[in-house]
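Enquirer: A structural model of the following input is requested.
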Amino acid sequence: MAFPPTHELHKRRFSRNLGLGLTLAAFVALVFALTVVKVQRGDPLQGYDHVVQPEAVPQEDAG
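Expert: Numbering: from 1, shown residues only. Here you go, the predicted model:
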């Protein structure tokens, strides 16, 4: 049993899906790279929970 020839519509859909998949993969790679850089820099990784965090407020010199 042979498969029927691929319709032109399926070829166009495949190219769109491929483009969207590559765009999504590039976005995931960008977010991953930014996360790795932030972790390597050693910045505090604290979530924003709508309250003042004393350690995040810049301290003024007492002198």
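Enquirer: give me the distance from stretch 29-48 to the chain's centre.
Expert: Relative to the chain's own centre, stretch 29-48 is displaced by 11 Å; criterion: C-alpha atoms, centre = their mean, to the nearest Å.
Enquirer: buried stuff in it?
Expert: Within stretch 29-48, not a single residue qualifies as buried, counting by 16 or more other C-beta atoms under 10 Å. For glycine as for every other residue, the C-beta is placed from the backbone atoms N, C-alpha and C.
Enquirer: using PDB, write down the CA coordinates of that stretch.
Expert: C-alpha atoms of stretch 29-48 as PDB (Å, rounded to 0.1, in the frame of the first residue of the first chain):
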ATOM      1  CA  ALA A  29      17.600  29.000  24.600                       C
ATOM      2  CA  LEU A  30      17.600  32.800  25.400                       C
ATOM      3  CA  VAL A  31      15.700  32.400  28.700                       C
ATOM      4  CA  PHE A  32      18.100  29.500  29.600                       C
ATOM      5  CA  ALA A  33      21.200  31.600  28.800                       C
ATOM      6  CA  LEU A  34      19.900  34.500  30.800                       C
ATOM      7  CA  THR A  35      19.200  32.200  33.800                       C
ATOM      8  CA  VAL A  36      22.700  30.700  33.600                       C
ATOM      9  CA  VAL A  37      24.300  34.100  33.500                       C
ATOM     10  CA  LYS A  38      22.300  35.400  36.500                       C
ATOM     11  CA  VAL A  39      23.200  32.300  38.500                       C
ATOM     12  CA  GLN A  40      26.900  32.600  37.600                       C
ATOM     13  CA  ARG A  41      26.900  36.300  38.600                       C
ATOM     14  CA  GLY A  42      25.700  35.300  42.100                       C
ATOM     15  CA  ASP A  43      22.900  37.800  42.300                       C
ATOM     16  CA  PRO A  44      20.200  37.000  44.900                       C
ATOM     17  CA  LEU A  45      17.400  34.900  43.300                       C
ATOM     18  CA  GLN A  46      14.400  36.200  45.200                       C
ATOM     19  CA  GLY A  47      10.900  36.300  43.900                       C
ATOM     20  CA  TYR A  48       8.800  39.400  44.100                       C
END
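Enquirer: show me the contact partners of it.
Expert: Residues outside stretch 29-48 that contact it (C-beta atoms under 8 Å, 6 or more residues apart in numbering): Q53, E55, A56.
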